[in-house]
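Novice: Pasting the sequence and the predicted model now:
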Amino acid sequence: MNKSDLELEKQEQISRGKRIKYIRENELHMNKTQLAKEIGISSQFLGLVEEGRGNLVYRSIRKLRDLSGHSADYILYGLDDTIINKTKELLSTYSDKEIETAMNIIKDISIFIKN
């Protein structure tokens, strides 16, 4: 791994820590001790993660994902997951048949546009 890759990885780690801290404080309204207990780590280690000096293991990420309702993609990389939840909410009002019909229409439109 070259120096620029290491710098990028460090910046991602810092951003991830800030996201986790934001989720803890502003969405879950928990202190470090509470969240750490919920995701199976020490509050000291959670502090390191939030400072960008540590990474969560898969099990802790999964627990944070389940607790927060955010996707792992959002927690790890900051990818917007609101569209996923909005789409699920919107689609829940339609039957499987209606969704299938709409998908076929979209497929036909995309083929028409390509040609």
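Specialist: Yep, that arrived.

Novice: contacts and neighbour counts: CA atoms only from here.
Specialist: Noted.

Novice: which residues sit against the worst-scoring helix or strand of the chain on mean pLDDT?
Specialist: Lowest on mean pLDDT, DSSP states H and E among the helices and strands of the chain sits helix 82-91, with a mean of 84. Identification of contacts with helix 82-91 by CA atoms under 8 Å, 6 or more residues apart in numbering yields residue 99.

Novice: gap between residue 74 and residue 115?
Specialist: For residue 74, the distance to residue 115 (CA to CA, to the nearest Å) stands at 36 Å.

Novice: which of those two has more neighbours?
Specialist: residue 74 (16 against 6; other CA atoms under 10 Å).

Novice: So which bits of the strand or helix carrying that one are buried?
Specialist: Residue 74 is part of helix 72-77 when elements are defined by DSSP states H and E. Buried residues in helix 72-77, counted by 16 or more other CA atoms under 10 Å: 72, 74, 75, 76.

Novice: which residues touch the residue nearest the centre of the chain?
Specialist: Taking CA atoms, centre = their mean, the centroid of the chain lies closest to residue 74, which sits 2.3 Å from it. Applying CA under 8 Å, 6+ apart to residue 74 gives the contacts 80, 81.

Novice: what about it, distance to residue 1?
Specialist: Going from residue 74 to residue 1 by CA to CA gives 25 Å.
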